[in-house]
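> Below is the sequence, then the predicted model.
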Amino acid sequence: MSRIGNLPINIPDGVTVKKDGNIVVVNGSKGTLKMEVTPAIKIEIENNQVIVKRKNDEKAIKSLHGLTRSLIDNMIKGVTAGWEKNLELSGVGFRGQTSGEKLILNVGFSHPVEIAAPAGITFEVIDNTKIKVLGINKELVGQVAANIRKVKVPDVYKGKGIKYEGEYIRKKVGKTGKIGAMGAAGGGK
């Protein structure tokens, strides 16, 4: 029994959900999203609700049941409110800015790093150190944010780099430079 898969999804006002064969199309005020559903999963739209059912109880189908329901729910939330991921730049001289559809990062390299926004994604930069990745597709927003973070992963010794908002970077202790009892040369006599 899939607890998530059995929950019905309420369709809010202003959103239309259509099923065309194995393709689910969700239209809302922010845009349109499409998703192909495996034939073993059955989608029913009735009484302003989407109900996801599975055709049999095989292990693989059971796991797809809850996943499909969550993906459709994320599509509905995306076309109504949208999704966002927030990133922070931490380091001396680290800053970001937007230029048209591009994000330009100065993060300690000899050159600025330019990241082009894919279709459906927009960037916002606040105070030169906070970046917002906005879009209606949750998967795409998360992937673009991960790609931006990958440009300069936070350093575990100093904490400098690009991190998610609220992410805690556990810092390592560096070398102390203490010389042992035998002295620097290793001998002692």
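Nice, I can see it.
> partners of the longest strand along the chain in the sheet?
Longest strand of the chain, by residue count under DSSP state E: strand 83-90. Applying DSSP bridges, strand 83-90 is found paired with strand 130-135 (antiparallel), strand 161-164 (antiparallel).
> residue ranges of the strands in the chain, please?
9-10, 16-20, 23-27, 32-36, 41-46, 49-54, 83-90, 95-99, 102-106, 113-116, 121-126, 130-135, 161-164.
> circling back: check what contacts the longest strand of the chain and list those residues.
Strand 83-90 is contacted by residues 74, 77, 95-96, 105, 107, 128-138, 141-142, 144-145, 148-149, 154, 159-165 when judged by CB atoms under 8 Å, 6 or more residues apart in numbering. Any C-beta I mention is one placed from the backbone N, CA and C, and that applies to glycine too.
> So which bits of it are buried?
Using 16 or more other CB atoms under 10 Å as the test for burial, strand 83-90 gives 83, 85-90.
> What's the separation between the residue nearest in space to the middle of the chain and Gly78?
In the chain, the residue lying closest to the centroid (CA atoms, centre = their mean) is Gly142, at 1.6 Å. Look at Gly142 and Gly78: by CB to CB, to the nearest Å, they are 12 Å apart.
> Check Leu7 too.
Counting by CB to CB, the gap from Leu7 to Gly78 is 18 Å.
> Thr32 too?
10 Å.
> what do those two both touch?
Val26.
> So for these two, which sits in the more crowded spot?
Taking other CB atoms under 10 Å, Thr32 and Gly78 do not tie; Gly78 has more neighbours (23 against 12).
> My read is that the more buried one contacts Leu134, right?
No - judged on CB atoms under 8 Å, Gly78 makes no contact with Leu134 at a distance of 10.7 Å.
> what about stretch 74-86, average pLDDT?
For stretch 74-86, the mean per-residue pLDDT is 96.
> Break this protein down into its structural domains.
Using automatic domain parsing, the domains assigned to the chain come out as 9-80, 83-164.
> Could you count how many residues lie near Val92?
Around Val92 there are 7 residues (other CB under 10 Å).
> Look up how far Ile45 lies from the residue nearest to the centre of the chain.
For Gly142 relative to Ile45 (CB to CB), the value is 27 Å.
> again with Lys150
39 Å.
> Compare these two and say which is more crowded by neighbours.
Between Lys150 and Ile45, counted using other CB under 10 Å, the more crowded position is Ile45 (15 against 9).
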